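Chemist: With the sequence up front, the predicted model follows.
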Amino acid sequence: MTRKKLTEVQFYFENVEDGAIPGNIIEDMQFDGLHVERYQHFERGDIIFNKVLIADNFLIKLDYELANKCFTNCNEPMGERLSDFNDIVDIVLCFEDGTQERIGFPWVGSSEDNNEYQRSGLEVNKSFDRNDFSELDPMLVEDIKESEKNDRFLNRKMLTVYVDKEN
């Protein structure tokens, strides 16, 4: 297993707009169905062979308000950009050691500007309902309270973006 510290995620959109968010505003990020696609193209007498990493499914959950403090190259707040449009083409994960990993996503749609596989939603991370604690094991209740005390995303408006080839 390789473990790397994520410093930034760069987003590239269908309309050639791009922007980045810092890794520390991300609560969760998941990839499923990662695979390598190979392709080639002809350029000035050379055949260029390329490999691209593709994720069939992607989820990212991030602090919406902090994302809006970051801007695209068109000066649009990143939180709004990610929630208002469904057109992420690929992302680049940037790591503390200087390495990067580009990951592309599947695309389907009746227009070039909207990926029907992508959707997003906003919600507020709320604490557990204290009325439910009476039904739980006291040790579990203590674990939940400790977890909430250390949760820097609690009571924050969170944006979840999905790219899901399965649905």
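Modeler: Done, it's in.
Chemist: Identify each buried residue in stretch 38-55, please.
Modeler: Using 16 or more other C-beta atoms under 10 Å as the test for burial, stretch 38-55 gives 54, 55. C-beta here means a position set from N, CA and C on the backbone, and glycine is covered the same way.
Chemist: can you confirm residue 37 is in a strand?
Modeler: Yes: under DSSP: H, G, I helix; E, B strand; the rest coil, residue 37 falls within a strand.
Chemist: pLDDT value on it, please?
Modeler: For residue 37, the pLDDT comes out at 91.
Chemist: surely it meets residue 55?
Modeler: No: using C-beta atoms under 8 Å, residue 37 makes no contact with residue 55, being 11.1 Å away.
Chemist: any common contacting residues for the two?
Modeler: The contact sets of residue 37 and residue 55 overlap at residue 104 (C-beta atoms under 8 Å, 6 or more residues apart in numbering).
Chemist: Mean confidence (pLDDT) on the helix or strand encompassing residue 81, please.
Modeler: Secondary structure from DSSP states H and E places residue 81 in helix 78-84. Averaging pLDDT along helix 78-84 gives 97.
Chemist: can you pull the buried residues of it?
Modeler: 78, 79, 81, 82, 83.
Chemist: My read is that the first one contacts residue 21, right?
Modeler: Yes: applying C-beta under 8 Å as the test, residue 78 and residue 21 come out as touching, 5.4 Å apart.
Chemist: any shared contact partners between these two?
Modeler: Joint contacts of residue 78 and residue 21 (C-beta under 8 Å, 6+ apart) are 11, 67, 70.
Chemist: Of these, which belong to strands?
Modeler: residue 11 (DSSP state E).
Chemist: List just the nearest of the shared contacts of residue 78 and residue 21 to residue 43.
Modeler: residue 11 (26.6 Å; C-beta to C-beta).
Chemist: contacting residues around the closest one?
Modeler: 18, 19, 20, 21, 78, 81, 82, 88, 91.
Chemist: and if we set it to 7 Å?
Modeler: 18, 19, 20, 88, 91 (C-beta atoms under 7 Å, 6 or more residues apart in numbering).
Chemist: Give the other helices and strands that the longest helix along the chain contacts.
Modeler: In the chain, assigned by DSSP state H, the helix with the most residues is helix 138-149. Packed against helix 138-149, as judged by 3 or more C-beta pairs under 7 Å, 6 or more residues apart in numbering; DSSP states H and E, are no other helices or strands.
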